[in-house]
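I need the structure of the sequence given here:
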Amino acid sequence: MGWILKFVDSSIGKKFVMAVTGLSLILFLIIHLAGNLTLYISEEAFNSYVSTIDIIKPLIRVAEVILALFFIFHIYNGFRLWYENRKAKSSKYKVNVSSKNSTIYSRTMIISGSIVFIFLILHLSTMWYAFNFGEHGENHSYYKIVLDWFSNPVYSMFYVFAMVLLGFHLNHGFQSAFQTFGWTHKKYTPFIEKLGTLYAIVMAVAFASIPIYFLFFFGGK
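Sure, this is the predicted structure:
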């Protein structure tokens, strides 16, 4: 047990935890997006989707706890790695040349991650809370909860902004996870980089399209 704790606390261990939790969250986003896209089908389709999930709510609660742990470990290790890297660079180099050896996505990971975290807290305290603990009457509609929140311009615009930064975060995170596992090859790495960029764009655009649709095209009604 001791060696596991030492490994997790090591530099390689922190990166490994970041990679495992990151890829798990990447998979979750795909599943979450698939469910959210039923909003485009109809109100009945989305309500049916959420009601189906409610049938297996005990399993969902377990999954939410595991997911929350993944988020906590990912965020905690992300801040630790950022702080350690910043401390190491400031003590070793008088001139900062990191911009020549990195991308804008990697340099803004701490910023994009922090804002996405703020969005996550807001999202949990609004829609997720209303879905799970709100007062539900006989004519309750999960669809209308989404509609009400996305009819709020401030909420919708922050949602879109957060999704853009999520795309930045995912673009670097997807590629760095493969590097952490040592899955790099001069033949396949360019493909992985393009796949990561494509995934990041699809996730950001697809998620951001939902509040844009409800705010500007659905008419808030």
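
nearest residue to residue 28 other than its sequence neighbours?
Counting by Cβ to Cβ, 6 or more residues apart in numbering, residue 28 lies nearest to residue 67, which is 6.2 Å off, once chain neighbours are set aside. Just so you know, the C-beta spots here come from the backbone N, C-alpha and C atoms, and that holds for glycine as well.

wait, what's in contact with that neighbour?
24-25, 28 (Cβ atoms under 8 Å, 6 or more residues apart in numbering).

And the strand or helix carrying it, what's buried?
Using DSSP states H and E, residue 67 sits within helix 57-92. Applying a neighbour-count criterion of 16 or more other Cβ atoms under 10 Å, one finds 67, 70-71, 73-75, 77-78, 81 buried in helix 57-92.

do the same with stretch 133-153
Residues of stretch 133-153 classed as buried: 142-143, 145-147, 149-152 (neighbour count, 16+ other Cβ under 10 Å).

what's next to it, contact-wise?
If you take Cβ under 8 Å, 6+ apart as the criterion, stretch 133-153 is touched by 39, 43, 46-47, 50-51, 126-127, 130-131, 155-156, 159, 210-211, 214-215, 218, 220.

rerun at 6 Å
By Cβ atoms under 6 Å, 6 or more residues apart in numbering, the residues outside stretch 133-153 that reach it are 43, 46-47, 50, 126-127, 130, 155-156, 211, 214-215, 220.

re the thing from before, next SSE after the helix holding residue 67?
Going down the chain from helix 57-92, the next helix or strand is helix 104-107, by DSSP H and E.

In helices only, show me the buried residues of stretch 133-153.
Mapping the buried residues of stretch 133-153 onto helices (DSSP state H) picks out 142-143, 145-147, 149-150.

Check which helix or strand residue 18 maps to.
Assigned by DSSP H and E, residue 18 belongs to helix 11-36.

How many residues are close by residue 125?
By the criterion of other Cβ atoms under 10 Å, residue 125 has 10 neighbours.

let me fix that: residue 180
Residue 180, neighbours per other Cβ under 10 Å, totals 19.
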